[in-house]
Structure formats: structure tokens, C-alpha cells
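Undergrad: heads up, no residue letters with this:
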């Protein structure tokens, strides 16, 4: 099983300094102790929302594992940090999670059909998703089939000021769109 974890820039979380590789603790209870991570990458943004200050890693939970019904958060006694994800990789993993788990509740971080970036990103899902953002923001798209809500295409880009311009609306193929009315 793979999961995701947000950290402070020094690889710490709630005062505990993690190391790359395996970390071990004696107990795991989602509500009170253990090493926490999430199956859905977007759930990390609930706990580490500042994309400019936080880092996000691909991790492997192990040992005793405890879950709750609040979100996809997991507490475990062993947490192996596999690697740090770039911002684009983080959102690509989030989109892949949506594709791989079609029956699960869609995160509140995902906007329907069109969205303007907030907190450094816009994740838009729909039949004709469109988004715009500021320089440095991530735009993540999930296109659904016309007749269902099954995702048939995903894409991620950074507003770089060259290929993707700030304040300009783009569709999933990164074609400029007319301004979207909300």
C-alpha cells in the first residue's frame, strides 16, 4: 500500500522529525498517536494547505494500522518515506487516485467544470473542465465521459508564464478558452 504525507520543510510533523526511509513508533490510533498519512493525496492539503511552505511525500505505511471514517487518513506504527513529490507529481497522483477510486467521495478541493486557483492550485473535474491561475500555480484537470462521471483523461500543468499564461483560461488540452462566467 502506498499513501501520502505532508510535512514542514524540515521533514517534521507536529514536532517529530522524520528521516527518509523507515520511521517507527510504538502505537497507532488515528485520533491520538502514530504516524499519520492519507490514501488520497488531496487529504494532505487539509493538514498541510500551504503549498509554498509544505512538502509532500510518497510513503509506505506499515506495522499496526488504524483508520477512521473522517477522510482517508491512516495512522501506522511504521512509515517509510519513499520520496518527495514535486507539486506537479503530487497533483498527478491526486488525479490518478480519482481515476483508480471512482466510487469514493470526491474531495472538496475539487471544483466542478471550471475553477480559479486557490492556495496555489486549481483541480477541476467535469465534462469540459477549464481553469486559470497565477504564475507558479498548478492546474489539474480530470475530464469525464459525456454519458457518465467516469474520468477518461487527466492533465497537469504549471502556470509558467511561457506555455501557460497567468490569468488565462485553459481547457484540459491546454488550449486557451474564453473567460468562464461563474
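TA: Cool, the structure landed. Computed from a predicted structure; not experimentally measured.
Undergrad: got the buried residues for stretch 157-167?
TA: For stretch 157-167, the neighbour count (16 or more other CB atoms under 10 Å) marks 157, 158, 159, 164 as buried. The C-beta positions use only the backbone N, C-alpha and C, and glycine is treated the same way.
Undergrad: pLDDT added to those, as a markdown table?
TA: As requested, those are exported to a markdown table (pLDDT from 0 to 100):
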| residue | pLDDT |
| --- | --- |
| 157 | 97 |
| 158 | 97 |
| 159 | 98 |
| 164 | 97 |
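Undergrad: out of the residues you listed, who's nearest residue 133?
TA: Closest approach to residue 133 among these (CB to CB): residue 159, at 4.7 Å.
Undergrad: thought that closest one was touching residue 166?
TA: Yes. Using CB atoms under 8 Å, residue 159 is in contact with residue 166, at 5.3 Å.
Undergrad: which residues do these two both contact?
TA: Both residue 159 and residue 166 are contacted by 133, 134, 135, 137, under the criterion CB atoms under 8 Å, 6 or more residues apart in numbering.
Undergrad: not counting its neighbours along the chain, what's nearest the third one?
TA: Read that as residue 135. residue 166 (4.6 Å; CB to CB, 6 or more residues apart in numbering).
Undergrad: so what's the one you found up against?
TA: 132, 133, 134, 135, 137, 159.
Undergrad: how about residue 19?
TA: By CB under 8 Å, 6+ apart, residue 19 lies in contact with 11, 81.
Undergrad: burial count for residue 117?
TA: Neighbours of residue 117 under the rule other CB atoms under 10 Å: 21.
Undergrad: and if you look at residue 129?
TA: 27.
Undergrad: what does the lengthiest helix in the chain contact?
TA: Looking across the chain with DSSP state H, the single longest helix is helix 87-100. Contacts with helix 87-100, where a contact means CB under 8 Å, 6+ apart, come from 4, 39-42, 51, 56, 58, 85, 106-107, 110, 120-121, 123, 125, 138, 140-142, 151, 154, 156-158.
Undergrad: now intersect the residues you listed with the strands, please.
TA: Cross-referencing those against strands under DSSP state E gives 4, 56, 58, 85, 110, 121, 123, 125, 138, 140-142, 151, 154, 156-158.
Undergrad: please work out the average pLDDT along stretch 74-93.
TA: For stretch 74-93, the mean pLDDT works out to 97.
Undergrad: kindly apply the preceding question to stretch 107-117 instead.
TA: Stretch 107-117 comes out at a mean pLDDT of 95.
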